[in-house]
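> One predicted model, sequence on top.
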Amino acid sequence: MRKRSATVALTLMGAAFVLSGCKEDQTEAASFPDLASCRAQADQGSLAFTAEDCEAAFAQAQADHQETAPRYDALAVCEEQHGAGNCEQQAQQGGGFSFMPLLAGMMIGQMLSGGRGFMSQPLVNTANGRYATPGGAQVASNSGRGAMNTAAFNKAPTTAGRPPMTQADVMRRGGFGASGAARSSFGG
Amino acid sequence: MEKISLPPRADQREAETGFTFAEMHGEPYWDETSAYRFTLEEIETRIEDPATELHAMCREAVDRITASDELMERMGIPPGFHDMVAQSWRNGEPELYGRMDLAYDGTDAKLLEYNADTPTSLYEAASFQWQWLEDQIAAGVLPEGADQFNRIHEALAERFAELFAPNTDLHFAAAGGNAEDYATVEAMAWAAREGGMGAHYTDLEKIGLTEEGQFSDAEDRVIGTLFKLYPWEDIFHDEFGAAIGPSGCRFIEPPWKALVSNKAILPVLWEMFEGHPNLLPAFFLDDVGGALRDGSPSVPLFDRARDALKSHVVKPIFSREGSSIDIIENGRPLEVATDRGYDNQPKIVQAYAPLPVFDGFRPVLGAWVVGPTCVGLGIREDRARITQDLSRFKPHFIEG
């Protein structure tokens, strides 16, 4: 009996991951810092949508922002997540104040079902100089175009009227790796 | 076992396969100008069967250790993690893979240590040396009937299929920016895919913790099962270590592997299986340091091993790639590691089993274990007595 595999995986370079899992549906998307820039491009005819689409999408993004943008109990916690100067104070429903990131633009994309439907999501700044939807999808720019997973347009859970996040609630990263940081390789 | 000079393939195929570290630090890491030849009987009776048996013995040792807080303490498991380690064992969380390092001179192979948590060189062993064999047979350099002890890739794929439902999403994490670690993780991901799994990569440092206390990857996807090429003994001291219990995340390897991939299991094995042909006498340095230095009386178990320990190796319990290891021959240092990164750890002493020398190089056999079974062999050789991260990988073949 053979002591070796009949076949093995031979190539490296990332293909094991890139090809794996299910490919999510993608749509052509564009991002704009404000309504005016969307309208300007639409008027030039360089977009698949019109100035009216811009208005509807932006209004929806503004409403979603008010409803779903993250809310924090302190300015420092908000700015840690979204960068200095990118947060504002808001009156909480039922009294008190919370802090939420300023609207930094919107992302608009065509619905895959066809027709003339568009979907949008608000964008806020991230601490690392990028932009993110309330659902956490990140884009590098608020004035760019490219393919996006349609899931990036899913509306995030409502935050309005809910208790703001404290420092302890904020998602943390980088909690693995510190103890071994002195070594180049963790294997052996 | 013999070492045979062979013509190397024209291009060694590195570019084609993306094998990015065939040279490391300017030295050849993969070297196919020679290879080690074994007979089938030798592979089966000297390596395969003993390594499978050693793994079963390690499992018995884990059963004993997890029942004792005192032993867990000696194994360097922080008190806050005793329960997690013990519980993972009691729950029967399954093991995926490991690599035993064996000293083999043609007689009984001796277990030097067992990297049962984060072994690397998986790609070289499972894939690259396999392709070398196929190429050399096709080229007529090796005969048609030549073989290799290397079911590693297939066995891993089968193991994934055994452990997880079809299409389970698995995350694979390694420290960002290390080509060698990444290659091992990617080779593992290939096997997972072949076993029917979905494989996702994330840099270890980019793992996050969500508001709900779950781990998430660099793209905020929740991690249900995490293969981490990062040792448990480091996780225990990381900020996220305490978050593992509540996270609901399943880890590969499971926490109890921290006891196996731990030089402190060697004295436990010796105590349980004294005289086993594949074990070297081993003790906690704290227990026998005095007796070793001045010959003062000790426990009978040590006295019976006194002769064998005249030459011995001192190892920190969590050392990797030869760091902080000293070889003492008849009371004098024979070879002392220059990298002292692990000196602050508890240590063990183990009888010295010199590696055989072939053309000035000392090969150490890596017996790959998947699940509970030894399924393959990878060989690294070094000019030094302590095999370090600059050692060379050597292919092997079976003939006769």
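Received the coordinates, thanks.

> Bridge partners for the residue most central in space within chain B, pull those for me.
By C-alpha atoms, centre = their mean, chain B has its centre lying nearest to residue B:115, at 2.5 Å. Beta bridges link residue B:115 to residue B:99 when assigned by DSSP bridges.

> Residue B:262 is in contact with that one, correct?
No. Using C-beta atoms under 8 Å, residue B:115 is not in contact with residue B:262, being 9.9 Å away. Where you see a C-beta, it was placed from the backbone N, CA and C, and this is true even at glycine.

> how far away is the most centrally placed residue in chain A from chain B?
With distances taken as C-alpha atoms, centre = their mean, residue A:137 lies nearest the centre of chain A, 2.4 Å away. Taking C-beta to the nearest C-beta, to the nearest Å as the criterion, residue A:137 is separated from chain B by 8 Å.

> what's near enough to touch the closest residue to that residue other than its chain neighbours?
Nearest residue to residue A:137 in three dimensions, chain neighbours excluded: residue A:152, at 3.5 Å (C-beta to C-beta, 6 or more residues apart in numbering or on different chains). Contact analysis of residue A:152 by C-beta atoms under 8 Å, 6 or more residues apart in numbering or on different chains lists A:29, A:107, A:109, A:121, A:133, A:135, A:137.

> Which of those residues fall within strands?
Secondary structure defined by DSSP state E assigns A:29, A:107, A:109, A:121 of the contacts of residue A:152 to strands.

> Verify the contact between the first one and residue A:112 for me.
Read that as residue A:29. No. Contact status for residue A:29 versus residue A:112: not in contact, 11.6 Å apart, counting by C-beta under 8 Å.

> Which one's more surrounded, those two?
residue A:29 (24 against 11; other C-beta atoms under 10 Å in any protein chain shown).

> Enumerate the beta-bridge partners assigned to that one.
Following DSSP bridges, residue A:29 is listed with bridge partners residue A:109, residue A:146.

> Hmm, residue A:158 is touching residue A:68, no?
Yes. Using C-beta under 8 Å, residue A:158 makes contact with residue A:68 at a distance of 5.9 Å.

> Of these two, give the one with the bigger neighbour count.
Neighbour totals were compared for residue A:158 and residue A:68, and residue A:68 leads with 19 against 12 (other C-beta under 10 Å).

> Could I get the pLDDT score of the more buried one?
Note for residue A:68: predicted pLDDT of 92.

> how about the lengthiest helix in chain A, does it reach chain B?
Among the segments of chain A that qualify as a helix by DSSP state H, the longest is helix A:51-68. No. Under the criterion of C-beta under 8 Å from any C-beta of the partner chain, chain B is not reached by helix A:51-68; the shortest gap measures 14.3 Å.

> got the contact list for the following helix or strand past that helix?
Using DSSP states H and E, the helix or strand that follows helix A:51-68 in sequence is helix A:75-82. Applying C-beta under 8 Å, 6+ apart, the contact partners of helix A:75-82 are A:70, A:72, A:85-87, A:89, A:99-101, A:124-127, A:165-167, A:170.

> Following element in sequence after helix A:75-82, please.
Trace forward from helix A:75-82 with DSSP H and E and the next one is strand A:87-91.

> shaky segments in the chain?
Went with chain A since none was named. A:10-16, A:18-24, A:46, A:113-116, A:168-171, A:181-188 (pLDDT under 70).

> could you do chain B instead?
B:11-27, B:321, B:388-390.

> circling back to that earlier point, show me whatever sits in contact with both of residue B:115 and residue B:262.
With C-beta under 8 Å, 6+ apart, residue B:115 and residue B:262 have no common neighbours.

> ok and the residue in the stretch 201-350 of chain B nearest chain A?
In the stretch 201-350 of chain B, the residue that lies nearest chain A is residue B:240 (3.1 Å; C-beta to the nearest C-beta).

> The spatially closest residue to that residue that is not a sequence neighbour and residue B:117, how far apart?
With sequence-adjacent residues excluded and distances taken as C-beta to C-beta, 6+ apart, residue B:240 is closest to residue A:175, at 3.1 Å. Distance, residue A:175 to residue B:117, using C-beta to C-beta, to the nearest Å: 19 Å.

> Neighbour count: the two, which is higher?
Neighbours per residue, other C-beta under 10 Å: of residue A:175 and residue B:117, the larger number sits with residue B:117, 31 against 18.

> check contacts around the spatially closest residue to the more buried one that is not a sequence neighbour.
Once flanking residues are discounted, residue B:117 sits nearest to residue B:261: 3.5 Å by C-beta to C-beta, 6+ apart. Contact analysis of residue B:261 by C-beta under 8 Å, 6+ apart lists B:98, B:114, B:115, B:116, B:117, B:118, B:231, B:232, B:253.
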